[in-house]
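Here is my input, please return the structure:
(chains A, B and C)
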Amino acid sequence: MSKKVLDALVAKFGDAIEKVEQVHGDEVAWIKRDKLTAVATALRDDAALAFDAPVFVTCIDRLDWKPVGVPPSEAWTEDKPRFEVCYQLRSTKHKHRIRLKIALPENDARLASLTPIWVGFDWQERETFDMYGIRFEGHPDLRRIYMYEEFVGYPLRKDYPKDKRQPLVRRPDLV
Amino acid sequence: MGVEVTTSRLGDAAAWAKRVKEESRGLKGIPNWGRKFSLFSYPFVTACCGMEFMSVAAPKYDIARFGAEFPRFSPRQSDLLMVVGTIVEKQGPALRRVWEQMAEPKFVIAFGVCASTGGFYQNYSAMPGCDQVIPVDVYIPGCPPRPEQVLDALILLQERIQDGIGHSQLRLKREQLAHAEADE
Amino acid sequence: MADLKTLVLGRKDVADLDEETELPHELMTVNMGPSHPAMHGTVRIILTVDGEKVVKSDVQPGYLHRCFEKESEYATYTQIFPYTDRLNYVSPMINNVGYAMAVEKLLGLTGKLPARAEYIRVIVSEVSRITDHMTCVGASAMELGAFGPFLFLLKCREWLYELLEKVSGARLTHSYVRVGGVAKDLPDGWTDELLYTLSQIDPVLVEVEGLLNNNKIFFDRMNGIGRMTREEAIKWGQTGPIARACGLDYDVRKDHPYSVYPELEFDVPVGTRGDCLDRYLVRVEEIKQSMRILRQAIAKLPDGPIMVDDHRVALPPKRDTYNTIESMIRHFKHIMDGIRVPAGEGYTFVEGGNGELGFFVVSDGTGRPYKCYVRSPSFVHLQTSGNLIHGHFIADVVPIFGMINMIGGECDK
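Sure, this is the predicted structure:
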């Protein structure tokens, strides 16, 4: 993929971008949380960038991040932000892609929703809320999508045990 | 009762089943014979096993020759609930309600290992088997089971229906005996 | 007489009918699903209807959430292949290939696989794509009343299942692909059987098209239903046959080619109107294009190894495993610890049966992924279905839903 997308982005929004990198051929740009809407709108409207198609949105929970084979300073510590919300965008015209990453701390896991800009992120932001507990402000209908309303907790967080079931109904004669 | 000690519900169930089987011989077994060869199934299809269910109904493995081809998509009109695929906790109330709406005698087949025990999905959402919410007569393992396994299970269920020892039939029998004792 | 009319109808004269509100105008709420014959897999739609017209809808997925992501955090990279099979369970090989490519990208093995492995992957992917489209078209036709095409297409699907069973050992959930290649080589004579099967499928397709294409009932029920424009398709993130039916010419195999697709010649059918009929026609044409790819790939299939010669991913040959201690330990470490993928993350996407199927894998250097997210096309497509059914009748929900081809395993992961 081309680096000129990242260069154009940095040239336009120097202060809103924390870092850009190329990881295994993907372009990744780390955006500051409060500048996200401005950057996203420009990404969609700028003719040279023209990111018009949403691909996915998800979140990485770095609670257990202790990578092997890299310096120990890369591991997660309490002072680093716990969640990284990743947005992947695609341009139909120019055929390039970009991944936006926003770091969020655990006690303030809120983010401006990108659904008003790309409506295709609607359900995927609901899924990220359901699984990780990230509140997307400005989302038209933020409620659980995979789990039922009575479910307590956010299952894909690293501190939620895999086997912890919260059954809704059981047979009355089951011992 | 003498010195017979029933140490487990299972021992009790075996004696009970033997008694019921003897009582469904001969002319008394004709209603069961009719039931087993005309099962109207309600395919409660959720996941990949649904593809194998379609294959069983398709011409090559042909469930029609056993009389069970006609899916009735209403629980009121069916007597065989085939739970096909993974049941998740969110689906539990729907499955329980569908089962409750069926008229007696009703039979349940747990199709596939996800419906039997949860399969290799041991997590916060998948129910470890549909028998957590409804009683099951026949379990079919396999992920997905081959169509021949499904037909084998159907024949097994038909034998149980003929002997009168499906869960629903035993329940009815118990209620009849309870009524008979109450009248005495 | 007038008194009788008042008594029975509660009004004085027919002329009063316009002034009084005779029929209730309340909207009614109807629940479709989660257990419903037309809801493939299992989805719940709560419809608010005005008579028969749908005014509002609330589509609720999640009735098959089997926690692919959580399970993949606890399994080694090779143990995840069975979980990927069950994502889009009508085209399992494509999921396998997509996931294998995602892990290979993190290992730096993209483009380094032996040619035979790449060709085998393409062959089994296209066979899976044919089964996917056949199941979709057959099931949708059956729900509209055409039971015959369903049985014919299922007959063809059985032949393909038998072929895939010969290759992988299972009819439906194959787990055939491995990181770095495929698990086993093709049996002898398999490609000839596949060519023969394709030649048998051609007349069946002609028969099915003859039954459906010009059939007035099928046409009326599909034409103009569930229209989506090209701009809407881009905005909503649609890919695959649905986007192509709207005129959006996006196919991952052509726009971001991977594997050996650049060497194969095929066309991508693109529709014009974006309604259900176009989606059906695009799918049938894609079956024919997949058969064209298969014939070329079989002709070009080279000999050679089926696994990359990299000790990080390949299991040692059995002869060495049983005779030398180093190979036995390497085999043991592969199975128990998994493939050690260097820390990093990457997003890889392939053209699934429904559209762009992507795997976003984050690895932390151990043999188990830190995160493995699936960008499932069915999930993204299902969010538009709520919009597509507005203004249509309840009966139109069936063809719209059928042609979106929501596969429960993929949608709910």
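
Name the strands paired with the strand or helix carrying A:V85 and say parallel or antiparallel.
Using DSSP states H and E, the element containing A:V85 is strand A:83-90. Using DSSP bridges, strand A:83-90 pairs in its sheet with strand A:53-61 (antiparallel), strand A:97-104 (antiparallel).

can I get these in JSON lines with mean pLDDT and mean neighbour count?
Using the backbone N, CA and C atoms, a C-beta is placed for each residue, glycine as well. Converted to JSON lines, those look like this (pLDDT from 0 to 100; neighbours: other C-beta atoms under 10 Å in any protein chain shown):
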{"stretch": "strand A:53-61", "mean pLDDT": "93", "mean neighbour count": "25"}
{"stretch": "strand A:97-104", "mean pLDDT": "91", "mean neighbour count": "20"}
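
among the ones you listed, which is nearest A:G133?
Closest approach to A:G133 among the strands paired with strand A:83-90 (C-beta to C-beta): strand A:53-61, 8.9 Å.

Show me the contact partners of the closest one.
With contacts defined as C-beta atoms under 8 Å, 6 or more residues apart in numbering or on different chains, strand A:53-61 is touched by A:82-92, A:97, A:114, A:118, A:120-121, A:124-125, A:128, A:131-132, A:134, A:156-158, C:234-235, C:237, C:345, C:347, C:356, C:358, C:360, C:362, C:370-371, C:373, C:375.

hang on, the earlier thing: of all the strands paired with strand A:83-90, which lies closest to B:V20?
strand A:53-61 (55.1 Å).

can you give me how far the closest one is from the chain middle?
Computed by C-alpha atoms, centre = their mean, to the nearest Å, the chain-centroid distance of strand A:53-61 equals 5 Å.

Strands of the stretch 101-250 of chain C, start to end?
C:177-178, C:181-182 (DSSP state E, counting those that start in this stretch).

contacting residues around B:W99?
With C-beta under 8 Å, 6+ apart, B:W99 has these contacts: B:75, B:81, B:106, B:108, B:133-134.

Closest one to chain C out of those residues, please.
B:P75 (8.8 Å; C-beta to the nearest C-beta).

The closest one contacts B:M82, doesn't it?
No - counting by C-beta atoms under 8 Å, B:P75 stays clear of B:M82, with 11.9 Å between them.

ok, the two, which is more surrounded?
B:M82 (29 against 19; other C-beta atoms under 10 Å in any protein chain shown).

Mind telling me what element the nearest residue to C:C246 once chain neighbours are set aside is part of?
Among residues not flanking C:C246 along the chain, C:G274 sits closest, at 3.6 Å (C-beta to C-beta, 6 or more residues apart in numbering or on different chains). C:G274 is part of no helix or strand, with elements assigned from DSSP H and E.

Please name the residues that touch C:G274.
Here C:G274 is in contact with C:227-230, C:233, C:245-247 (criterion: C-beta under 8 Å, 6+ apart).

Likewise for C:L160?
Applying C-beta under 8 Å, 6+ apart, we find C:L160 in contact with C:127, C:130-131, C:197.

any idea how far chain A is from it?
C:L160 is 31 Å from chain A, where distance means C-beta to the nearest C-beta, to the nearest Å.

I'd like to know how far that residue sits from C:I120.
Per C-beta to C-beta, to the nearest Å, C:L160 is found 15 Å from C:I120.

which residues does the residue nearest to the spatial centre of chain A contact?
In chain A, the residue lying closest to the centroid (C-alpha atoms, centre = their mean) is A:V85, at 2.2 Å. Neighbouring residues of A:V85 by C-beta under 8 Å, 6+ apart: A:57-59, A:101-102, A:104, A:111, A:128, A:134.

near chain B, which residues of chain A show up?
Counting by C-beta under 8 Å from any C-beta of the partner chain, the residues of chain A close to chain B are A:146-148, A:155, A:160-171, A:174.

Filter those down to the buried ones.
By neighbour count, with 16 or more other C-beta atoms under 10 Å in any protein chain shown, the residues of chain A next to chain B hold A:146-148, A:155, A:160, A:165, A:168-169 as buried.

Looking at these, which two lie furthest apart in space?
Using C-beta to C-beta, the pair of these lying farthest apart is A:Y160 and A:V169, separated by 21.7 Å.

ok, of the contacts of C:G274, which come out buried?
Among the contacts of C:G274, those buried by neighbour count (16+ other C-beta under 10 Å) are C:227-228, C:230, C:233, C:245-247.

out of the contacts of A:V85, who's nearest chain C?
Using C-beta to the nearest C-beta, A:T58 comes nearest to chain C of those, at 4.7 Å.

Bridged to that closest one, which residues?
Under DSSP bridges, the beta-bridge partners of A:T58 are A:C86.

B:L81 contacts B:I109, doesn't it?
Yes - contact criterion C-beta under 8 Å: B:L81 and B:I109 qualify, at 7.4 Å.

Helices of the chain, start to end?
Just so you know, I chose chain A. Assigned by DSSP state H, the helices in chain A fall at A:4-12, A:36-45, A:122-132.

should've been chain B
Ranges of helices within chain B are B:9-23, B:30-36, B:49-57, B:92-101, B:113-116, B:147-163, B:167-183, based on DSSP H.

Comparing those helices, which yields the minimum mean pLDDT?
When these are ranked by mean pLDDT, helix B:9-23 comes last with a mean of 76.

Output that one as PDB, nothing but the C-alphas.
Extracted in PDB, the C-alpha atoms of helix B:9-23 (Å, rounded to 0.1, in the frame of the first residue of the first chain):
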ATOM      1  CA  ARG B   9     -33.300 -42.700  40.000                       C
ATOM      2  CA  LEU B  10     -31.800 -44.600  37.100                       C
ATOM      3  CA  GLY B  11     -32.500 -48.000  38.600                       C
ATOM      4  CA  ASP B  12     -36.100 -46.900  39.200                       C
ATOM      5  CA  ALA B  13     -36.400 -45.700  35.600                       C
ATOM      6  CA  ALA B  14     -35.200 -49.000  34.200                       C
ATOM      7  CA  ALA B  15     -37.800 -51.000  36.000                       C
ATOM      8  CA  TRP B  16     -40.500 -48.500  35.100                       C
ATOM      9  CA  ALA B  17     -39.400 -48.600  31.400                       C
ATOM     10  CA  LYS B  18     -39.600 -52.400  31.400                       C
ATOM     11  CA  ARG B  19     -43.100 -52.300  32.800                       C
ATOM     12  CA  VAL B  20     -44.300 -49.700  30.300                       C
ATOM     13  CA  LYS B  21     -42.700 -51.700  27.400                       C
ATOM     14  CA  GLU B  22     -44.600 -54.800  28.400                       C
ATOM     15  CA  GLU B  23     -47.800 -52.900  28.500                       C
END
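
what about that helix and chain A, touching?
No - Helix B:9-23 lies out of reach of chain A by C-beta under 8 Å from any C-beta, never closer than 9.6 Å.

picking that back up, turn the contacts of B:W99 into CSV, including distance to chain A and pLDDT.
Shown next, in CSV, are the contacts of B:W99 (distance: C-beta to the nearest C-beta, whole Å; pLDDT from 0 to 100):
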residue, distance to chain A, pLDDT
B:P75, 17, 90
B:L81, 14, 93
B:K106, 15, 92
B:V108, 12, 94
B:V133, 6, 92
B:I134, 7, 92
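
From these, pick the one nearest A:E21.
Taking C-beta to C-beta as the measure, B:V133 is the one of those closest to A:E21, at 49.3 Å.

looking at it, the closest one is touching A:R171, isn't it?
Yes - applying C-beta under 8 Å, one finds B:V133 in contact with A:R171, separated by 5.6 Å.
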